[in-house]
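S.K.: Dropping a prediction and its sequence here:
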Amino acid sequence: MGRTTWFDVDGLRKGEWTAEEDRKLVVYINEHGLGEWGSLPKRAGLQRCGKSCRLRWLNYLRPGIKRGKFTPQEEEEIIKYHALLGNRWAAIAKQMPNRTDNDIKNHWNSCLKKRLAKKGIDPMTHEPTTTTSLTVDVTSSSTTSSPTPSPTSSSFSSCSSTGSARFLNKLAAGISSRKHGLESIKTVILAEQPREAVDEEKMMTINMKEKELISCYMEIDETMSIDELPCDDSTSGFVAFDDYSLIDPYRDGVYVSDFYDETEHLDLFLL
DNA sequence: AACCTTCGCAACCGCAAGGAT
DNA sequence: CATCCTTGCGGTTGCGAAGGT
């Protein structure tokens, strides 16, 4: 199996790797370590681009890669993590260290996605296709069950008041896969101040809620894996974090309500 | 047996983020 | 601050194998 070999305009070899090329790459990396993919091919005596070498190493030659059929347990894990993280194959692969992101992605696209669809489950939302449990903005003209509907105050207030594992997972994923440091996330949250005061009592509530939200961010350790985070049974497209914030699992962000216009408006903090 | 379709997987491509200059 | 370069990610493609008709 594999692609036929050909050469691009720069004379670089493309397509299937030979055993000899694999050997050269492994020998070079074992001797010199990883890094500088751009210049590696020349130094290793390979007629390949750096990207191709990196991919070959990460997806095939790297030690510790598990190949072959996925076990039912692994498949369950993939489905579970996909529900939490979406198509973030790299982030999912981090939870399954013996499998590559490419492997997981291929298995999802060729097998798991179809299997879920057959069972009547939308592979993107992980919800039954016959029902729509996503909350849709009643004021908008949209009638679809898009994964990113506009939240409303009604959906907001009806959400659970407990913290959300999905939110925490999203945050952890943001930290781990997108390289957003905790400090920068805290800075974003802390920098968002109320626009104008209403009254003192409300102000106190706002401050309290803000503190709760911030403290949640503060408690998350960058080294925590998803399994270490607390779980709840939140299942809808939007996930409540508390009365003032709402998580959209399909975007890299957390909505935090504009405390002074609770009727419609939410701000999206991108992670 | 021959042909067609689907599956599985390796590899490519384009894009974006982040670092270096 | 702007530009360039490197790295990493996700979507897509190409192709042999396997299965179906």
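M.R.: Alright, I've got the coordinates.
S.K.: Identify the residue nearest residue A:26 in space, chain neighbours excluded?
M.R.: residue A:61 (5.6 Å; CB to CB, 6 or more residues apart in numbering). Backbone N, C-alpha and C define where each C-beta goes, glycine included.
S.K.: my read: the one you found touches residue A:24, true?
M.R.: No - the pair residue A:61 and residue A:24 does not pass the contact test of CB atoms under 8 Å, sitting 10.7 Å apart.
S.K.: domains in chain A, as residue ranges please.
M.R.: Domain assignment for chain A by automatic domain parsing gives A:6-61, A:72-118, A:153-270.
S.K.: one step back: against residue A:39, how distant is the residue nearest to residue A:26?
M.R.: Going from residue A:61 to residue A:39 by CB to CB, to the nearest Å gives 18 Å.
S.K.: more crowded one of those two?
M.R.: Each of residue A:61 and residue A:39 has its neighbours counted (other CB atoms under 10 Å); residue A:61 has more, 15 against 10.
S.K.: show me what contacts that one?
M.R.: Residues near residue A:61 by CB atoms under 8 Å, 6 or more residues apart in numbering: A:22, A:25, A:26, A:29.
S.K.: Starting from DNA strand B, give me the distance back to the closest residue to the first one other than its chain neighbours.
M.R.: Right, residue A:22. In space, and not counting its chain neighbours, residue A:22 is closest to residue A:61: 6.0 Å by CB to CB, 6+ apart. Counting by CB to the nearest atom of the strand, to the nearest Å, the gap from residue A:61 to DNA strand B is 8 Å.
S.K.: count of residues packed around residue A:72?
M.R.: 8.
S.K.: Give me the pLDDT value at it.
M.R.: pLDDT for residue A:72: 89.
S.K.: ditto for the one 4 residues further on
M.R.: At residue A:76, the model reports a pLDDT of 90.
S.K.: which secondary structure element contains it?
M.R.: Taking DSSP states H and E as the criterion, residue A:76 maps to helix A:72-85.
S.K.: check whether the following helix or strand past that helix contacts DNA strand C.
M.R.: Under the assignment DSSP H and E, the closest C-terminal helix or strand after helix A:72-85 is helix A:89-95. Yes - on the criterion CB under 7 Å from any atom of the strand, helix A:89-95 is in touch with DNA strand C at A:89, A:90, A:91.
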